[in-house]
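Undergrad: model this:
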Amino acid sequence: MSRTRAPKLSESRIDYLTHVCNFMPGCERHCTVETEGHDCWADALVKRRPPKCELCRERMPHVHGDRLGAITAHKTPARIGMAFTGDLFADFDSLPLVGRHTTGATSRATLFECVLRTVQTAPWHRFVFLTRNPAGIPDLPWPDNCWFGTSVSFLSRQVAFRNYSEECRRLAQLQEHVRADRTWWSIEPCKGDWRIDTQIRPPACIVLGGQSGRGACGVDPDIVEGWQEFCRPERLGGFGIPLFVKRNARIPDAPQHLPFALMLPDELATEQE
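TA: Have a look, this model is predicted:
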């Protein structure tokens, strides 16, 4: 009699993560990358490795109720991207629930309760959340090992101008819903203007990346230099911002810094040598 294998965390190819837990795949396809006709990396992942789940293949938002268990079963400290192929904090009332022993639907409150309980019982991990709806982050007692970010995309000067107010609104919502020392910005694909409203509080970490998929390209070195200037301690009253430039930016020897609180024990040991 064969046994069904318990879910395991997947190792991540995203530079700043070690693993991912995609317990809530699928999205509403409202991001700038798709509306501007660029490839979605999550779609490309599904095409490259078609999953057995029909909802996963269709990229419809739903929850795999058994996948969160892989987090507590993984005892080696990891930096885990949470639901990176979906948006945990998107607007929804309930979602289809699938899994080995579960079917039906789950409410927003129940899902958040399960996620909170999971991260609270795994203090040896670092949990990284990314959303395009920071206003949807619930006011819960999130532990210190949780980091919350939002994504913005400056594709060109024309697109940046059109989306500037919307993206600044999203950054402002993040600072309203999350304590400053646990926020981060994901700016990719970063292809143009890097202006940021000076009234928006800087995050604790910034990640820059290039365009992947069709029409893949890196980031202009001048833009990276601009962000390095933005993150300098002298500009921010003595407190610099760690800047992590992904490999797909195609910038040799670009900085890849993370906050100490987001580092894993082995990384901290190396940093202190």
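Undergrad: can you tell me the SS state at Ile14?
TA: coil (DSSP: H, G, I helix; E, B strand; the rest coil).
Undergrad: burial check on it, number of neighbours?
TA: If you count neighbours by other CB atoms under 10 Å, Ile14 ends up with 19. Backbone N, C-alpha and C define where each C-beta goes, glycine included.
Undergrad: backbone phi and psi for the closest residue to it other than its chain neighbours, please?
TA: Distance criterion CB to CB, 6 or more residues apart in numbering; nearest residue to Ile14, sequence neighbours excluded, is Gly81 at 6.3 Å. Backbone torsions for Gly81, taken as degrees, to the nearest 10, come to phi -80, psi 120.
Undergrad: give me the distance between Gly81 and Arg13.
TA: 11 Å (CB to CB, to the nearest Å).
Undergrad: these two - which one has more neighbours?
TA: Using other CB under 10 Å, the more surrounded residue of Gly81 and Arg13 is Gly81, with 21 against 9.
Undergrad: does that one touch Val20 like I think?
TA: Yes. Assessed by CB atoms under 8 Å, Gly81 is found in contact with Val20 at 4.3 Å.
Undergrad: joint contacts of those two?
TA: By CB atoms under 8 Å, 6 or more residues apart in numbering, Gly81 and Val20 have these common neighbours: Ser12, Ile14.
Undergrad: rewinding a little: now the residue nearest to Ile14: how far from Pro252?
TA: Per CB to CB, Gly81 is found 26 Å from Pro252.
Undergrad: just Ser186 next, same as before
TA: Distance from Ser186 to Pro252, counting by CB to CB: 22 Å.
Undergrad: neighbour count: these two, which is higher?
TA: A count of neighbours by other CB under 10 Å puts Ser186 above the other of Ser186 and Pro252, at 23 against 6.
Undergrad: element containing that one, please.
TA: In this assignment (DSSP states H and E), Ser186 forms part of strand 183-187.
Undergrad: what pairs with that strand, parallel or antiparallel?
TA: According to DSSP bridges, strand 183-187 has the following sheet partners: strand 146-152 (parallel), strand 205-208 (parallel).
Undergrad: out of those, which is the most enclosed?
TA: Burial of those is given as mean neighbour count (mean count of other CB atoms under 10 Å); strand 205-208 ranks first at a mean of 25.
Undergrad: and after that strand, which helix or strand comes next?
TA: Sequence order places helix 221-230 as the next helix or strand after strand 205-208, per DSSP H and E.
Undergrad: name the helices or strands packed onto that next one?
TA: If you count contacts as 3 or more CB pairs under 8 Å, 6 or more residues apart in numbering; DSSP states H and E, helix 221-230 packs onto strand 205-208, strand 243-245.
Undergrad: adding mean pLDDT, write these out as JSON lines.
TA: Output for the helices and strands packed on helix 221-230, formatted as JSON lines (pLDDT from 0 to 100):
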{"stretch": "strand 205-208", "mean pLDDT": "94"}
{"stretch": "strand 243-245", "mean pLDDT": "95"}
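Undergrad: among those strands, which is nearest Ser165?
TA: When those are compared by CB to CB, strand 205-208 sits nearest Ser165, at 20.1 Å.
Undergrad: show me what that closest one is in contact with.
TA: Contact partners of strand 205-208, identified using CB under 8 Å, 6+ apart, comprise 16, 147, 149, 183-188, 190, 219, 223-224, 227, 230-231, 241-246, 249, 258-259, 262.
Undergrad: from the residues you listed, list just the buried residues.
TA: Applying 16 or more other CB atoms under 10 Å to these, the neighbour count classes 16, 147, 149, 183-188, 190, 219, 223-224, 227, 230-231, 241-246, 249, 258-259, 262 as buried.
Undergrad: can you list the low-confidence ranges for the stretch 1-150 of the chain?
TA: 1-6, 28-52, 55-59, 99-104 (pLDDT under 70).
Undergrad: if we use 80, what do you get?
TA: Under the criterion pLDDT under 80, the flagged ranges of the stretch 1-150 of the chain are 1-7, 26-61, 94, 97-105.
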